[in-house]
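> Sequence and computational prediction follow.
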Amino acid sequence: MRKRRPPRGLKRAAAALAGLMIASGCALLPREEEALAPPLVQPTEEVFDIVEARRGTIETVLRGGGVLTSSRSEPLFFRESGGRVLAVHVKQGDAVEAGQTVLELDVGNLELQIRMQRLNYERAQILFEQAVRNGLTGPDLRLHEIDLERERIALEELEDRLNRSRLVAPFDGVVTFVADIHPGETINAYQPLVTVSDPAQVQLTYVASSASELVGVHPGMEATVVYDGDAYRAEVVQSPSNAPTTTDLSEQERIARTLVLGFDSPPENARIGSSADFEIPLQRRESVIVIPRAGLRTYMGREYVQVAEGERRKDVDVEVGLTTSTEVEIVRGLEEGARVILNN
């Protein structure tokens, strides 16, 4: 059989369709994106925190909080060990009168012994007076005299023992300390058990954290004490420079950190043991170059500031004078009006 050839028109149509498909396939492929140009970065302008060096007044002040104490305080103690506490009659804050018993030891039947001995003394006294009236002389009268003296000495010894078993207030005042001791406990010689203080002779006592804090504080310096919202004039009456000496190392270390202020007119409502704030002007300089403390820089012992000159920084070495928590005196190296860059 003879094959039939496709019509010529059909070949042309197929060729056209193939070409169209190739063209459309190429159109479906993604186009390459053009490279973007890098964004333009604007350089950041450096901003300085600047202050001008100025002339002014700078003052150093010691500030702190102390405790109201009495300049007349007396600790009470026994001179012998071994006694047992019978009763503690006071507590801290109690008002006491001179001669009032504040603590006593157990003395057993000592008071009964004293009563009996007073009778013995009275009997010896009667016999002696009778012997005198009867006209006795010489050894007979002397024997009665010896008996009377013996009973007197015995009575005084018992009464002295009773007195030594009691602690009494030496003057009118307030109890500012009572040891943590209870009935039945044994006491030690010279152990402070009760302290009585005179509230009329009030002062302010401050114990610093270190002795260096009190450098430059001397007796006679003026101070201001704020107590219960009111201000009172005071002055330094004791500082490390005039503190009493002692061989006790711990006490010596405490005294070296202690400051005592006396009032011109103490507060009428002062309570011993309560707290009060104070301040003592130490040094004052006027018309000097002063900058904020944040403007001073240090590096390996070097002290300097940075000064702005146009858009530039310049390091300037300086000599520092008085320094407070917020300001610094510049003694040398900086002129008034200089633009000082503060630390960020």
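Yep, that arrived.

> For P199, which non-adjacent residue is closest in space?
Excluding its sequence neighbours, the residue lying closest to P199 (C-beta to C-beta, 6 or more residues apart in numbering) is V174, at 5.1 Å. C-beta: built from backbone N, CA, C; applies to glycine.

> Could you pull up the residues touching that neighbour?
By C-beta atoms under 8 Å, 6 or more residues apart in numbering, V174 lies in contact with 70, 93-96, 196-199, 272.

> neighbour-wise, which of the residues you listed leads?
Most neighbours among these, by other C-beta atoms under 10 Å: V196, with 28 neighbours.

> For the strand or helix carrying it, give me every contacting residue.
Assigned by DSSP states H and E, V196 belongs to strand 194-197. Strand 194-197 is contacted from outside by 69-70, 72-76, 88, 90, 96, 102-103, 167, 169-171, 173-179, 272, using C-beta under 8 Å, 6+ apart.

> make it 6 Å
70, 73-76, 102-103, 167, 169, 173-178, 272 (C-beta atoms under 6 Å, 6 or more residues apart in numbering).

> what do you get for stretch 327-337?
Taking C-beta under 6 Å, 6+ apart as the rule, stretch 327-337 contacts 52-53, 55, 58, 285, 288-291, 293, 296, 316-322.

> Quick one, which of those residues are buried?
53, 58, 285, 288-291, 296, 318, 321-322 (16 or more other C-beta atoms under 10 Å).

> Turn those residues into JSON lines, columns for pLDDT.
Converted to JSON lines, the buried ones among the contacts of stretch 327-337 look like this (pLDDT from 0 to 100):
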{"residue": "A53", "pLDDT": "93"}
{"residue": "I58", "pLDDT": "93"}
{"residue": "R285", "pLDDT": "92"}
{"residue": "V288", "pLDDT": "94"}
{"residue": "I289", "pLDDT": "95"}
{"residue": "V290", "pLDDT": "95"}
{"residue": "I291", "pLDDT": "94"}
{"residue": "L296", "pLDDT": "95"}
{"residue": "V318", "pLDDT": "95"}
{"residue": "G321", "pLDDT": "92"}
{"residue": "L322", "pLDDT": "92"}
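
> Now flag whichever of those residues is closest to P139.
The closest of the buried ones among the contacts of stretch 327-337 to P139 turns out to be L322 (C-beta to C-beta; 89.5 Å).

> pull the CA atoms of stretch 225-238 into PDB?
Provided in PDB are the C-alpha atoms of stretch 225-238 (Å, rounded to 0.1, in the frame of the first residue of the first chain):
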ATOM      1  CA  VAL A 225      23.000  68.200 115.300                       C
ATOM      2  CA  VAL A 226      19.500  67.400 114.000                       C
ATOM      3  CA  TYR A 227      17.300  65.600 116.600                       C
ATOM      4  CA  ASP A 228      13.600  65.000 116.300                       C
ATOM      5  CA  GLY A 229      13.400  67.400 113.400                       C
ATOM      6  CA  ASP A 230      15.100  70.300 115.100                       C
ATOM      7  CA  ALA A 231      18.700  71.600 114.700                       C
ATOM      8  CA  TYR A 232      21.000  72.300 117.700                       C
ATOM      9  CA  ARG A 233      24.400  73.900 117.900                       C
ATOM     10  CA  ALA A 234      27.200  71.600 119.200                       C
ATOM     11  CA  GLU A 235      30.900  71.300 119.200                       C
ATOM     12  CA  VAL A 236      33.500  68.500 119.100                       C
ATOM     13  CA  VAL A 237      34.500  67.700 122.700                       C
ATOM     14  CA  GLN A 238      36.400  64.500 121.900                       C
END
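
> Can you give me the buried ones in it?
Neighbour-count burial for stretch 225-238 flags 225, 227, 232, 234, 236-238 (criterion: 16+ other C-beta under 10 Å).

> Filter those residues down to just the ones in helices.
Within these, no residue falls in helices by DSSP state H.

> okay if I get those as CSV plus distance to L112?
Output for the buried residues of stretch 225-238, formatted as CSV (distance: C-beta to C-beta, whole Å):
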residue, distance to L112
V225, 54
Y227, 52
Y232, 54
A234, 54
V236, 55
V237, 50
Q238, 49
